[in-house]
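1. just coords:
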DNA sequence: CTCCGGGCGT
DNA sequence: ACGCCTGGAG
């Protein structure tokens, strides 16, 4: 079996086992971007509280968040942790958004390459956050790489490098440039990494034993 | 490598 | 009590 075939098999099995993940869980593109920043190194449950809080105050809106004091925003997103930092980062992002009059259509006119470069120029937005925004808010076909991706596929036996771009290129070369596929695949990787392929993996319950080096070599027992 | 951090599962 | 969470910057 080629790596490409194995990759597709993994995807099919994940999808069969967990089903569609319906990502990103948000009402609109703007909420996706805020969630993407808030969830940096943070559990989604804590982010949900913050998002609920923002909505509760009727502030889930680029104009209103832009007007809000940084310290006030920090209080509202406290549950997400790193709240001073993230408040600053959201402010930086909003400052960038303002140049587009906070309009989705204005931003979507940009090419993928230009948009990615601009996002990466915002202080507080790195590659993973930028790609999450590009994929889940603006629906560009880009494969999001995170620590789960590395851990999961390295256990499977793919021997990924530790370089973000190289890993991303690997997946994008192996797979079709399909936004729906990238959307679902990343979501399933996160799901599986939280359910079974955790820091301390639960290999005994895993449906990927036959495909997994970590299990085959006996580490999972 | 260290800081940033509340919240939750164990 | 402790460990970890859909990272990024200095």
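-> Sure, I can see it. Please read these numbers as outputs of a predicted model, since none were measured by experiment. Residues are numbered from 1 along each chain as shown, chains lettered A, B, ... in the order given.

2. Measure how far the helix or strand hosting residue A:180 is from the centre of its chain, please.
-> According to DSSP states H and E, residue A:180 maps onto helix A:179-195. Helix A:179-195 sits 9 Å away from the centroid of its parent chain (Cα atoms, centre = their mean, to the nearest Å).

3. so where's chain A uncertain?
-> A:221 (pLDDT under 70).

4. what do you get if the cut-off is 90, keeping everything else the same?
-> Residue ranges of chain A with pLDDT under 90: A:217-221.

5. Skipping its backbone neighbours, what lies nearest the most centrally placed residue in it in space?
-> Most central residue of chain A, judged by C-alpha distance to the mean C-alpha position with Cα atoms, centre = their mean, is residue A:132 at 4.3 Å. Among residues not flanking residue A:132 along the chain, residue A:36 sits closest, at 4.5 Å (Cβ to Cβ, 6 or more residues apart in numbering). Where C-beta positions appear, they are placed from N, C-alpha and C, glycine not excepted.

6. and that neighbour, which of the three is it?
-> Reduced to three states with DSSP: H, G, I helix; E, B strand; the rest coil, the structure at residue A:36 is helix.

7. can I assume it is in contact with residue A:131?
-> No - counting by Cβ atoms under 8 Å, residue A:36 stays clear of residue A:131, with 9.3 Å between them.

8. re the thing from before, spell out whether the helix holding residue A:180 and DNA strand B are in contact.
-> No - Helix A:179-195 is not in contact with DNA strand B by Cβ under 7 Å from any atom of the strand; minimum separation 10.5 Å.

9. Show me the domain layout of chain A.
-> Domains of chain A are assigned by automatic domain parsing as A:3-22+A:144-216, A:29-136.

10. Could you pull out the helices in chain A for me?
-> A:3-18, A:29-38, A:44-56, A:62-67, A:70-76, A:83-98, A:104-108, A:112-120, A:127-136, A:147-156, A:164-174, A:179-195, A:213-216 (DSSP state H).

11. and chain A, which residues reach DNA strand C?
-> Contact residues, chain A versus DNA strand C (Cβ under 7 Å from any atom of the strand): A:23-25, A:39-44, A:46, A:81-82, A:85, A:122-130, A:132, A:146-148, A:190, A:194, A:198-199.
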